[in-house]
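In: Model the following, please.
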Amino acid sequence: MNPVLIAGGLLGLLSVVVGASSEHLLQARVDDEVFRWVMTAIRYHQVGALIVSALGLALAVLQGHRVQRLLVVAGWLFVAGTVLFSFSIYVAALTGVQAITYLTPIGGVTLMLAWLVLIGAGFLARPRADT
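Out: So this is what the prediction gives:
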């Protein structure tokens, strides 16, 4: 079982569900600015889904490699950042409770941290001596 890959797949599925639902159900119910927020959230959501899926695939190949732990950390930071960023905007758009968007910048900072961890993994990545 590869939990990071499963999380990437789930994020991807949800990004399509939310994207389609927003276009068909939400757009007519909210003003243009709120809909623009939702479209930004969907874009970040889809990028998060792709990077988490890619990290899950990399983890399937890099069993025992020295960067494996950093890739796992980066993967879960991407999951957390995507959920905090995108889902706080989704909830605010659906409920009108703007206070939930206080979580959005925390999600953005978490995503930046995830990218930094991935950069660190890139610096540490070298082929294993046994290959």
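In: Where does the residue nearest the centre of the chain sit: helix, strand or coil?
Out: A centroid search over the chain (Cα atoms, centre = their mean) returns G48, at 2.8 Å, as the residue closest to the centre. The local conformation at G48, judged by DSSP: H, G, I helix; E, B strand; the rest coil, is helix.
In: Can you tell me how far the nearest residue to it once chain neighbours are set aside is from R126?
Out: Nearest residue to G48 in three dimensions, chain neighbours excluded: T82, at 3.1 Å (Cβ to Cβ, 6 or more residues apart in numbering). Placement of C-beta: from N, CA and C, glycine included. As judged by Cβ to Cβ, to the nearest Å, T82 and R126 stand 29 Å apart.
In: Over to M39?
Out: Distance of M39 to R126, given as Cβ to Cβ: 40 Å.
In: of these two, who's got more company?
Out: Of the pair M39 and R126, M39 is the one with more neighbours under other Cβ atoms under 10 Å, namely 15 against 9.
In: Need the per-residue pLDDT for the residue lying closest to that one once chain neighbours are set aside.
Out: Sequence neighbours aside, S22 is the residue nearest to M39 in space, at 7.5 Å (criterion: Cβ to Cβ, 6+ apart). The score at S22 is 93. That number is its pLDDT.
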